[in-house]
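Visitor: Generate a structure from the sequence data that follows.
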Amino acid sequence: MTPPRGKGHQARKRFGQHFLTDVGVIDAIVRAIAPRPGDNMVEIGPGLAAMTQPLVERLGRLTVVELDRDLAMRLRQHPQLQVVEGDVLKVDFSAFGSGLRIVGNLPYNISSPILFHLLPFAGQVMDQHFMLQKEVVDRMAAAPGSGDYGRLSVMLQWRYEVEALFDVAPEAFDPPPRVVSAIVRMTPWAEPASLDPALLEELVQVAFSQRRKLLRHTLGRWLESRQYTGEFDLQRRAEEVPVAEYLRLVQNLNAAPTV
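Guide: Residues are numbered from 1 along each chain as shown. A predicted model of the protein is given here:
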């Protein structure tokens, strides 16, 4: 059983549109989100409202962010939806208030930029549930020592507890994507490490720039250029270093006196 497709609307490749149609999968996602009446929830990319409708039935009201003008016009006909038409990468999520719950089937072509765009707003977020390419979810939730562990893992795990929930087959969509999808839950840490996000991003980018080399060849030179003389084991590859050690190094860099 599948909900009806919106008449007359063709999926647009430039928007990365793949519409979720499998009722069983939709139900599983909604149960994982567990919406409650009055929750302050925002859905990114509602599309043809396959997930929007069961969510708003439980919430009472729902804010949606939709780039596609035709879909936004259609969504505005729903009396329980507040529609924000525009590019999610330009949306100021602080305007939605605190206790924010963010959900969505994210466009796979810009999923990482969306995740990084949301990082600064994590302090007002209760949780996030997203459908993403499984490969991206694996990287987000990866543990040190695995091939999937990288820049995305460190940046997101600094701010969130990341939990991969379940996979979704291509057949659950119309049109089917060429990849397997997955649902991820992101819950902000109550007390994340206090640090300079830009410095962490620069450090992690340098560390993972040449994954196969020991860190003394990449991060070591970067630390040397900053005249850092503190302790940090550079006789490892970037993927062997736990998130907590990267965070501590950034804090030490901020605390180190400038010469």
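
Visitor: What about Ser94, how many residues nearby?
Guide: 12 (other C-beta atoms under 10 Å). For every residue, glycine as well, the C-beta is placed using N, CA and C.

Visitor: Which residues are in contact with it?
Guide: Counting by C-beta atoms under 8 Å, 6 or more residues apart in numbering, Ser94 makes contact with 121, 124.

Visitor: mind running it again at 10 Å?
Guide: 100, 120-121, 123-124 (C-beta atoms under 10 Å, 6 or more residues apart in numbering).

Visitor: Just the buried subset of those residues, please.
Guide: 100, 121 (16 or more other C-beta atoms under 10 Å).

Visitor: Just the ones in strands from the contacts of Ser94, please.
Guide: Using DSSP state E, the members of the contacts of Ser94 that fall in strands are Leu100.

Visitor: Looking at the contacts of Ser94, which is nearest His217?
Guide: Comparing the contacts of Ser94 against His217 with C-beta to C-beta places Pro120 closest, at 31.9 Å.

Visitor: Please name the nearest non-neighbouring residue to the closest one.
Guide: Pro197 (7.5 Å; C-beta to C-beta, 6 or more residues apart in numbering).

Visitor: again, but for Ala50
Guide: Spatially, and ignoring its direct neighbours in sequence, Ala50 is nearest to Leu20 (5.0 Å; C-beta to C-beta, 6+ apart).

Visitor: What about that neighbour, how many residues nearby?
Guide: There are 21 residues near Leu20, going by other C-beta under 10 Å.

Visitor: Number the residues from 56 up from this point.
Guide: Noted, 56 is the first residue going forward, which turns the last one into Leu75.

Visitor: what bridges to it?
Guide: Leu75 has these beta-bridge partners by DSSP bridges: Phe228.

Visitor: Could you pull up the residues touching it?
Guide: Here Leu75 is in contact with 57-58, 81, 84, 102-103, 105-106, 160, 186, 223, 227-229, 236 (C-beta under 10 Å, 6+ apart).

Visitor: cutoff 8 Å now
Guide: 81, 102, 105-106, 160, 186, 223, 227-228.
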